[in-house]
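Novice: whatever this is, show me its structure:
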Amino acid sequence: QVQLVESGGGSVQAGGSLRLSCAASERAFSRYDMGWFRQAPGKEREFVATISASGSMTYYADSVRGRFTISRDSAKNTLYLQMNSLKPEDTAVYYCAARSGLSGVARDYGYWGQGTQVTVSS
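Specialist: Now for the predicted structure:
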């Protein structure tokens, strides 16, 4: 079992930055591929970014590429999402997730955090 706890959400003006963290309980964190997803009110949960267990491969949704950076620190069992140049359309609850194997599909992930709210005002 892997328990995931997100933090770092908040309210920010357009153009601002936030860094989300996802702390994992499992010492085998380094063996899991990790992803960030988000869900806005009334919308489906959508893929944001994913990173391989080694950290050597990353993939991003077109909507965030060039603005967001996913990274991980296995020594701290923590996943990060650095979000720059935030836009009002980035407003959503952000979730981290873990699985074995890279995927941009939410239903492929078996472990999820509780989510953290990000609100971007114009």
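Novice: when you work out contacts or count neighbours from here on, use the C-alpha atoms and nothing else.
Specialist: OK.
Novice: return the distance of the residue nearest to Ala49 when sequence neighbours are not counted relative to Asn77.
Specialist: Among residues not flanking Ala49 along the chain, Tyr60 sits closest, at 4.3 Å (CA to CA, 6 or more residues apart in numbering). Applying CA to CA, to the nearest Å, the value for Tyr60 to Asn77 is 21 Å.
Novice: neighbour count: those two, which is higher?
Specialist: Tyr60 (20 against 17; other CA atoms under 10 Å).
Novice: thought the more buried one was touching Val48?
Specialist: Yes: here Tyr60 reaches Val48: they are 5.9 Å apart, a contact under CA atoms under 8 Å.
Novice: residue boundaries of the strands in this structure?
Specialist: 4-7, 10-13, 18-24, 33-39, 46-51, 58-60, 68-73, 78-83, 92-99, 111-112, 116-121 (DSSP state E).
Novice: including distance to Val105, could those strands go into a markdown table?
Specialist: Output for the strands of the chain, formatted as a markdown table (distance: least, CA to CA, whole Å):
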| stretch | distance to Val105 |
| --- | --- |
| strand 4-7 | 18 |
| strand 10-13 | 25 |
| strand 18-24 | 19 |
| strand 33-39 | 9 |
| strand 46-51 | 7 |
| strand 58-60 | 12 |
| strand 68-73 | 17 |
| strand 78-83 | 18 |
| strand 92-99 | 11 |
| strand 111-112 | 13 |
| strand 116-121 | 19 |
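Novice: redo those strands as CSV? Include mean pLDDT.
Specialist: Output for the strands of the chain, formatted as CSV (pLDDT from 0 to 100):
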stretch, mean pLDDT
strand 4-7, 97
strand 10-13, 98
strand 18-24, 97
strand 33-39, 97
strand 46-51, 98
strand 58-60, 98
strand 68-73, 97
strand 78-83, 98
strand 92-99, 97
strand 111-112, 95
strand 116-121, 98
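Novice: and for Ala28, the neighbour number?
Specialist: 12.
Novice: so how far is Ser100 from it?
Specialist: Taking CA to CA, one finds Ala28 at 11 Å from Ser100.
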